[in-house]
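Trainee: sequence and predicted structure below; questions after.
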Amino acid sequence: MIKDLLRQQRIETPSWAYGNSGTRFKVFGQPGVPRDPYEKLADAAQVHRHTGIAPTVALHIPWDAVEDYADLARHAESLGIGIGAINANLFQEEDYKLGSVTHPDPAVRRKALDHLLQCVDIMDATGSATLKLWFADGTNYPGQDDLRARQDRLAEALAVVYDRLGAHQRFLLEYKLFEPAFYATDVPDWGTAYAHCVKLGPRAQVVVDTGHHAPGVNIEFIVAFLLREGKLGGFDFNSRFYADDDLMVGAADPFQLFRIMFEVIRGGGYTPQVAFMLDQCHNIEPKIPGQIRSVMNVQEATAKALLVDRQALAAAQQAGDVLGANAVLMDAFNTDVRPLLAELRAEMGLDPDPMAAYARSGYFEKICAERVGGAQAGWGA
Ligand code: PSV
Ligand code: MN
């Protein structure tokens, strides 16, 4: 039963994780890094090949801009994977210094909206059902712009995009406390995202990026609440020690990841309607193994959450048995699920140890030898 549920799990990897990345101090290049979206998809296919549960890749536009999106989708299919969420990018152009859809100048707002509509065209061409919207919009200084007017402009843009969506498409609105805006962000928290989505309708949902909260925020509570309201559309998984660190999910706080997965399962969110996406950057570690490790971390947390004895938990909760209820959760969290997952992989025809299988495969040596010349993909490319 648990194995069946784990076999059905789907985790989406981000195209940008395969490119070079870094901090504002330095982007470190790595050998074998893709030069274009086609090569990024080839790397993503390796993650799926060794884990068996990562069959889609999210694109970021224009980082992944190509001439022919249908051709890119066919390329993905030929590699045994598919195109996942289309991520809009309204944060890398001069025009957006003071915002994109919330900019005080209507011409900039129009340009930003056109980009969002173009992203929906790309969804049509690639067969993607999900648009992910994150706005870097905000202000750095009190008085810089009218906070309320910016919400009005945001609502106006979201409504146009919502109306453009096909019946099988949806958008996920992502919130983030701060950065790049340091005083007020226009979508800073789940409540703001939720309120905009509720107004629009069922095809607008909230996406929880686990790195986008203030320290100490109880993310599993947000998950439970959004699920209860039918508004949890998915996750951008990563982990953080300080701010939006984009480190490998499960690396900083595997217990938090377990608690989140438990609420997902408890709340009926363990369905394809709640997308498990990674949003990470591998600045110093190799990228493909970094993604494999991350997929495995989510899978381990899921297995532990599925192991929770829900009946025993409910009984202890009902009886007011504080320690007993806590023990039920901790028992599951403290279970070593690695043998179970190794067994599952063997049953799926995979190597029980995806990290070792990738290392042995020779793929890394091959891309290092082949991908010589050209410009490596990275931020802004
Ligand atoms: C913003 O920090 C974010 O989480 C959004 O999802 C962006 O699309 C992504 O990071 C870019 O890496
Ligand atoms: Mn994100």
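Mentor: Cool, the structure landed. Ligands and ions are numbered 1, 2, ... in the order given.

Trainee: I'd like to know how many residues surround residue 71.
Mentor: Around residue 71 sit 13 other residues, with neighbours defined as other CB atoms under 10 Å. Using the backbone N, CA and C atoms, a C-beta is placed for each residue, glycine as well.

Trainee: distance of it from ligand 2?
Mentor: When CB to the ion, to the nearest Å is applied, the distance between residue 71 and ligand 2 equals 27 Å.

Trainee: quick one, helices of this structure?
Mentor: Under the criterion DSSP state H, the chain carries helices at the ranges 2-7, 37-51, 69-78, 106-126, 147-164, 190-200, 219-228, 254-266, 287-307, 310-318, 322-333, 338-347, 354-361, 363-370.

Trainee: closest to residue 31 out of these?
Mentor: helix 363-370 (4.5 Å; CB to CB).

Trainee: in that closest one, what counts as buried?
Mentor: Counting neighbours by 16 or more other CB atoms under 10 Å, one finds that the buried residues in helix 363-370 are 363-364, 367.

Trainee: from those residues, pick the one nearest ligand 1.
Mentor: Closest approach to ligand 1 among these (CB to the nearest ligand atom): residue 367, at 22.2 Å.

Trainee: skipping adjacent residues, who's closest to that closest one in space?
Mentor: In space, not counting the residues next to it along the chain, residue 367 is nearest to residue 32; the distance is 3.7 Å by CB to CB, 6 or more residues apart in numbering.

Trainee: sorry, back to before: could you dump the helices of the chain into TSV and include distance to residue 61?
Mentor: TSV is the format used below for the helices of the chain (distance: least, CB to CB, whole Å):
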stretch	distance to residue 61
helix 2-7	32
helix 37-51	10
helix 69-78	9
helix 106-126	6
helix 147-164	14
helix 190-200	21
helix 219-228	26
helix 254-266	28
helix 287-307	20
helix 310-318	41
helix 322-333	38
helix 338-347	34
helix 354-361	28
helix 363-370	24
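
Trainee: so which of these comes closest to ligand 1?
Mentor: Closest to ligand 1 of those is helix 106-126 (CB to the nearest ligand atom; 11.6 Å).

Trainee: mind checking the pLDDT average for the closest one?
Mentor: Mean per-residue pLDDT for helix 106-126: 98.

Trainee: show me what that helix is packed against.
Mentor: Under the contact definition 3 or more CB pairs under 8 Å, 6 or more residues apart in numbering; DSSP states H and E, helix 106-126 sits against strand 56-61, helix 69-78, strand 82-88, strand 130-134, helix 147-164.

Trainee: would you format these as JSON lines with mean pLDDT and distance to residue 296 included?
Mentor: What follows is those, written out as JSON lines (pLDDT from 0 to 100; distance: least, CB to CB, whole Å):
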{"stretch": "strand 56-61", "mean pLDDT": "98", "distance to residue 296": "17"}
{"stretch": "helix 69-78", "mean pLDDT": "98", "distance to residue 296": "22"}
{"stretch": "strand 82-88", "mean pLDDT": "98", "distance to residue 296": "19"}
{"stretch": "strand 130-134", "mean pLDDT": "99", "distance to residue 296": "23"}
{"stretch": "helix 147-164", "mean pLDDT": "99", "distance to residue 296": "35"}
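
Trainee: my guess is the residue nearest to residue 367 meets residue 372, correct?
Mentor: No - if you go by CB atoms under 8 Å, residue 32 and residue 372 don't touch, sitting 9.4 Å apart.

Trainee: pick out whichever of these two has more residues nearby.
Mentor: Under the neighbour definition other CB under 10 Å, residue 32 and residue 372 were set side by side, and residue 32 has more, 21 against 10.

Trainee: how far away is the residue in the chain positioned nearest to ligand 1 from residue 274?
Mentor: The shortest separation between the chain and ligand 1 is 3.8 Å, found at residue 134 (distances taken as CB to the nearest ligand atom). Residue 134 sits 18 Å away from residue 274, taking CB to CB, to the nearest Å as the criterion.

Trainee: on that earlier part again, who wins for proximity to residue 175 among the helices of the chain?
Mentor: Between residue 175 and these, the shortest separation by CB to CB is 4.4 Å, and it involves helix 190-200.

Trainee: which pLDDT value belongs to the residue nearest to residue 159 when sequence neighbours are not counted?
Mentor: Residue nearest to residue 159 in three dimensions, not counting chain neighbours: residue 200, with 6.5 Å by CB to CB, 6+ apart. Here, the pLDDT recorded for residue 200 equals 98.

Trainee: got it, and residue 380?
Mentor: Looking at residue 380, its pLDDT is 58.

Trainee: ok, the residue nearest to residue 367 - contacts?
Mentor: For residue 32, the contact set (CB atoms under 8 Å, 6 or more residues apart in numbering) comprises 364, 367-368, 371.

Trainee: so which pair among these is furthest apart in space?
Mentor: 364 and 371 (10.8 Å).

Trainee: since that was my last question, I'll sign off now.
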